[in-house]
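Student: Provide a 3D model corresponding to the input given below.
(chains A and B, ligands or ions: 6)
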There are 2 protein chains.
Amino acid sequence: RKRILVTGGAGFVGSHLVDQLMLQGHEVTVADNYFTGRRRNVQHWIGHPNFELLHHDVVEPLMIEVDQIYHLASPASPVKYMYNPVKTIKSNTIGTINVLGLAKRVKARVLFASTSEIYGDPEEHPQKETYWGHVNTIGPRACYDESKRVAETLMYAYSKRDHIDVRVARIFNTYGPRMHMYDGRVVSNFIVQTLNGHPLTVYAPGNQTRSFMYVSDLVSGLMKLMNSNYSLPCNLGNPEEHTILEFAQLVQDITGVKGKVSMKKSQQDDPHKRKPDITVAKTQLGWEPKVSLRDGILKTTAYFRKELGLVNNEQEQ
Amino acid sequence: RKRILVTGGAGFVGSHLVDQLMLQGHEVTVADNYFTGRRRNVQHWIGHPNFELLHHDVVEPLMIEVDQIYHLASPASPVKYMYNPVKTIKSNTIGTINVLGLAKRVKARVLFASTSEIYGDPEEHPQKETYWGHVNTIGPRACYDESKRVAETLMYAYSKRDHIDVRVARIFNTYGPRMHMYDGRVVSNFIVQTLNGHPLTVYAPGNQTRSFMYVSDLVSGLMKLMNSNYSLPCNLGNPEEHTILEFAQLVQDITGVKGKVSMKKSQQDDPHKRKPDITVAKTQLGWEPKVSLRDGILKTTAYFRKELGLVNNEQEQ
Ligand SMILES: NC(=O)c1ccc[n+]([C@@H]2O[C@H](COP(=O)([O-])OP(=O)(O)OC[C@H]3O[C@@H](n4cnc5c(N)ncnc54)[C@H](O)[C@@H]3O)[C@@H](O)[C@H]2O)c1
Ligand SMILES: NC(=O)c1ccc[n+]([C@@H]2O[C@H](COP(=O)([O-])OP(=O)(O)OC[C@H]3O[C@@H](n4cnc5c(N)ncnc54)[C@H](O)[C@@H]3O)[C@@H](O)[C@H]2O)c1
Ligand SMILES: O=c1ccn([C@@H]2O[C@H](COP(=O)(O)OP(=O)(O)O)[C@@H](O)[C@H]2O)c(=O)[nH]1
Ligand SMILES: O=c1ccn([C@@H]2O[C@H](COP(=O)(O)OP(=O)(O)O)[C@@H](O)[C@H]2O)c(=O)[nH]1
Ligand SMILES: O=c1ccn([C@@H]2O[C@H](COP(=O)(O)OP(=O)(O)O)[C@@H](O)[C@H]2O)c(=O)[nH]1
Ligand SMILES: O=c1ccn([C@@H]2O[C@H](COP(=O)(O)OP(=O)(O)O)[C@@H](O)[C@H]2O)c(=O)[nH]1
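Tutor: Residues are numbered from 1 along each chain as shown, chains lettered A, B, ... in the order given. Ligands and ions are numbered 1, 2, ... in the order given. Reported below is the predicted structural model:
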């Protein structure tokens, strides 16, 4: 039984991680400023003796005693992280410095939620951990990409100097229940549009690709990585790649709702393709994603249906 | 007449910039923690009514009133910035946030000393400002490269949000008097080795290239950029490119001292080539370097000769 801090634990990924850690019997503390997360995501644990919820911004120092830290505090969707780029950078730079300062003091192991975005608009495909990436320092995505990059640098700089035990997960696109309905990510957009009978907004050209991982697969990967001996960056993602146009079709096929596609103008610096090489995770952690896109989309659609009030309370049980 | 802050003003480049600003009659404040700089570089201004020297680390907030800020505070040579990577990252991230916070409050214009290192080990040659770069987030140079990259991102993020007037100079290798004798940069190493009759240490393979700019050219470029209307990143460098082996030969030719070359093992992630495309500086600022390598090396050699005590006081006058 460990004392575990999850920064950003009231968010989409964090709250699922908290569920697993609590089920394993750990003492879990969540530190979240509710910028993009919400209390509701962890409501079911409030009052549990092993659970503590701190209203805390990681840009401020935090003094607690823990054995492990999952450091997830950062906006994650392009719409949210571009909403206040300065805040995004501070969360990932000053926030990571504070978390590492804490880890140093209490000798905790820290896992940092990095991202496939550190590869930018990649020129190597699929992306291996050895790829250095292709990022525009002054583009619209830079606040997220560059601050995640330097946060990785911070992890290894502190690790080397202060002998902190670090883990770096490079997370590829993840979806599932508790995603925000309106945070602009493609999965939530397409499902909500489908359920509302609105046209699916595909940003030009539509042949850009992504690979989508279901959240339970990510959570198991994060926990395996944390408890492994592997300390270099490790991709966690689903290597099944789709163009966005294909994906729009798939969402309609899976949900059984026929909709229209509406082409929208292209987004500046939108990565053309993205697909993880997960050889490291397979060989070092014995991990690979298990949930099919079909099952994942069905579960996520059920969640959004409920969120939208499209089911009545009896069906909900 | 303006009130001008120079962070890192007791360093090599900063002190030459201070000289020019003082000669123009401005009120100059230097903020420096003397990590790699020294009081001696600005000693000749101490006591002047327009000059103030603050012993200050930019990682801490600074409350003063100024019109312009040249933000140069950061170690610059690989040996120094790798000495304490955490400190290097903090100077460029938290330091830049503080400088931007100050600029916001007092409505000052800020110029950030970025670097050709943001291009990393470039795959485009020569490097234009539009090139996104090729940097290893977890390599030995990352503490410098990645923190300079995210500092550029911070400059434009604050500029956009808080309407701060920003300038970003991407500085290529610069040399001249007041370089540290033992900071490990190739120009100081080769000249000091030559003067001491030691073999010139060339790191393998020796065919890596650099382009060397004399410090007075850089200072005029920085001042032109600051006072121009151009707010995007601007390369400042000398496009004359040499391999390091050639450069070892040139130093011997120019100084007239024949020495030996000693090949040393290669450095991890050492950029293979580097040469600025200075079209932007030429067209936007009407700037280009004026000092030949010969003249620059002669002046720098004279400086090191004095530093090493190889001239007596009469010759020194
Ligand atoms: N979901 C993905 O596809 C994906 C992909 C790559 C990386 N990631 C990373 O995983 C982590 C979690 O992402 P998510 O999808 O759950 O996003 P999310 O927005 O749902 O969760 C992030 C959580 O962090 C909190 N937060 C943000 N800034 C904070 C701050 N300064 N202090 C304290 N809390 C703060 C938010 O309130 C939220 O609860 C993020 O670090 C993200 O960058 C996610
Ligand atoms: N010289 C070059 O070839 C070159 C090339 C590219 C970029 N630059 C940039 O130009 C700037 C000046 O470089 P330089 O060659 O004069 O190096 P330098 O080391 O001589 O000067 C840097 C100065 O900043 C000070 N400093 C460092 N960290 C500080 C902190 N946290 N707070 C306050 N002061 C601090 C040092 O004491 C020093 O006086 C740096 O930002 C460097 O990254 C230089
Ligand atoms: O339990 C702790 C210890 C440190 N810190 C913060 O972590 C940062 C970095 O820590 P520290 O200053 O010890 O690290 P260093 O100076 O060695 O980088 C500082 O801003 C501290 O306020 C924290 O939030 N909790
Ligand atoms: O309504 C939408 C939202 C996103 N996208 C595209 O889907 C991909 C994934 O976008 P998302 O914002 O989910 O995450 P990203 O992987 O870009 O961070 C990108 O190419 C977007 O341009 C789209 O076509 N329509
Ligand atoms: O005159 C000033 C104003 C602000 N700051 C520092 O600059 C940083 C960023 O400023 P601020 O918090 O105003 O910016 P924001 O929160 O808008 O990013 C803060 O840490 C302040 O301490 C400073 O050093 N001098
Ligand atoms: O004694 C030395 C110092 C440096 N170098 C090489 O000279 C180039 C410039 O190195 P420096 O440290 O001056 O600056 P950099 O441009 O790498 O930041 C690099 O390829 C170094 O490997 C060298 O061959 N011998």
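Student: For chain A, which residues score under the pLDDT cut-off?
Tutor: A:311-317 (pLDDT under 70).
Student: what do you get if the cut-off is 80, keeping everything else the same?
Tutor: For chain A, the stretches with pLDDT under 80 are A:310-317.
Student: Within range of ligand 1, give me the residues from it.
Tutor: Contact residues of chain A with respect to ligand 1, defined by Cβ under 6 Å from any ligand atom, are listed as A:7-8, A:10-14, A:31-37, A:57-59, A:72-76, A:91, A:95, A:113, A:115, A:171, A:173-174. Where you see a C-beta, it was placed from the backbone N, CA and C, and this is true even at glycine.
Student: Now, these that are in helices?
Tutor: A:Phe12, A:Val13, A:Gly14, A:Ser91, A:Gly95 (DSSP state H).
Student: so which of those residues comes closest to chain B?
Tutor: Nearest to chain B out of those is A:Gly95 (Cβ to the nearest Cβ; 11.0 Å).
Student: Can you report phi and psi for A:Leu5?
Tutor: Main-chain dihedrals, A:Leu5, degrees, to the nearest 10: phi -100, psi 130.
Student: same thing with A:His16?
Tutor: When read as degrees, to the nearest 10, the backbone of A:His16 gives phi -70, psi -40.
Student: Tally up the residues packed near it, please.
Tutor: Counted with other Cβ atoms under 10 Å in any protein chain shown, residues neighbouring A:His16 total 21.
Student: Need the three-state assignment for A:Arg210.
Tutor: strand (DSSP: H, G, I helix; E, B strand; the rest coil).
Student: what sits against it?
Tutor: Residues counted as contacts of A:Arg210 (Cβ atoms under 8 Å, 6 or more residues apart in numbering or on different chains) are A:Phe172, A:Asn173, A:Val186, A:Glu241, A:His242, A:Ile244, A:Phe247, A:Arg274.
Student: ok, so what distance separates it from ligand 6?
Tutor: According to Cβ to the nearest ligand atom, to the nearest Å, A:Arg210 and ligand 6 sit 37 Å apart.
Student: now that residue, which residues is it bridged with?
Tutor: In this entry, A:Arg210 is beta-bridged to A:His242, by DSSP bridges.
Student: cool, and A:Asp32?
Tutor: Bridge pairing for A:Asp32 (DSSP bridges) gives the partners A:His55.
Student: residue ranges of the helices in chain A, please?
Tutor: Ranges of helices within chain A are A:12-23, A:78-81, A:85-106, A:142-162, A:186-196, A:215-226, A:244-255, A:279-280, A:293-307, A:313-316, based on DSSP H.
Student: so which of these is the most packed in?
Tutor: Highest mean neighbour count of the helices of chain A: helix A:142-162, a mean of 25 (counted as mean count of other Cβ atoms under 10 Å in any protein chain shown).
Student: helices or strands up against that helix?
Tutor: Under the contact definition 3 or more Cβ pairs under 8 Å, 6 or more residues apart in numbering or on different chains; DSSP states H and E, helix A:142-162 sits against helix A:78-81, helix A:85-106, strand A:109-115, strand A:166-171, helix B:85-92, helix B:142-162.
Student: If you check the stretch 1-150 of chain A against ligand 3, which residue is the closest one?
Tutor: Nearest residue of the stretch 1-150 of chain A to ligand 3: A:Gly101, at 1.9 Å (Cβ to the nearest ligand atom).
Student: which ones are touching that residue?
Tutor: A:Gly101 sits next to A:Pro61 when contact means Cβ under 8 Å, 6+ apart.
Student: Can I get stretch A:225-242 as CSV, trimmed to CA atoms?
Tutor: C-alpha atoms of stretch A:225-242 as CSV (Å, rounded to 0.1, in the frame of the first residue of the first chain):
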residue,chain,number,x,y,z
LEU,A,225,5.4,2.0,-16.5
MET,A,226,5.4,3.5,-13.0
ASN,A,227,6.1,0.2,-11.4
SER,A,228,8.7,-1.0,-13.9
ASN,A,229,12.4,-0.4,-13.9
TYR,A,230,12.3,1.4,-17.3
SER,A,231,13.2,5.0,-16.9
LEU,A,232,13.6,6.3,-20.5
PRO,A,233,10.6,7.8,-22.3
CYS,A,234,8.0,5.2,-23.3
ASN,A,235,5.3,5.6,-26.0
LEU,A,236,1.8,4.6,-24.8
GLY,A,237,-0.7,4.5,-27.7
ASN,A,238,-2.7,2.3,-30.0
PRO,A,239,-0.9,1.7,-33.2
GLU,A,240,-4.2,1.3,-35.2
GLU,A,241,-4.1,4.3,-37.5
HIS,A,242,-7.0,6.0,-39.3
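Student: Which parts of it count as buried, going by neighbours?
Tutor: Within stretch A:225-242, the residues scored as buried using 16 or more other Cβ atoms under 10 Å in any protein chain shown are A:Leu225, A:Met226, A:Pro233, A:Cys234, A:Asn235, A:Leu236, A:Gly237, A:Asn238, A:Pro239, A:Glu241, A:His242.
Student: Is it positioned near ligand 4?
Tutor: No - judged by Cβ under 6 Å from any ligand atom, stretch A:225-242 stays clear of ligand 4, getting no closer than 10.2 Å.
Student: Now list the buried members of the residues of chain A next to ligand 1.
Tutor: Neighbour counting with 16+ other Cβ under 10 Å marks A:7-8, A:10-14, A:31-33, A:35-37, A:57-59, A:72-76, A:91, A:95, A:113, A:115, A:171, A:173-174 as buried within the residues of chain A next to ligand 1.
Student: Around chain B, pick out the residues from chain A.
Tutor: Taking Cβ under 8 Å from any Cβ of the partner chain, the part of chain A that reaches chain B is made up of A:84-86, A:89-90, A:93-94, A:97, A:118, A:120, A:132-138, A:142-143, A:146-147, A:149-150, A:152-154, A:156-158, A:160-161, A:232-233.
Student: tell me, which of those residues make contact with ligand 3?
Tutor: Contacts with ligand 3 are made by A:Ile97 out of those, judged by Cβ under 6 Å from any ligand atom.
Student: about what we covered before: for the contacts of A:Arg210, which one is nearest ligand 4?
Tutor: The closest of the contacts of A:Arg210, once distances to ligand 4 are taken by Cβ to the nearest ligand atom, is A:Val186, at 3.5 Å.
Student: you'd agree the closest one is up against A:Thr243?
Tutor: No - the criterion here is Cβ atoms under 8 Å, and A:Val186 misses it with A:Thr243 at 11.3 Å.
Student: Go through the helices of chain A and name the closest to B:Gly256.
Tutor: When these are compared by Cβ to Cβ, helix A:142-162 sits nearest B:Gly256, at 43.4 Å.
Student: The closest one near ligand 4 at all?
Tutor: No - applying Cβ under 6 Å from any ligand atom, one finds helix A:142-162 separated from ligand 4 by no less than 8.3 Å.
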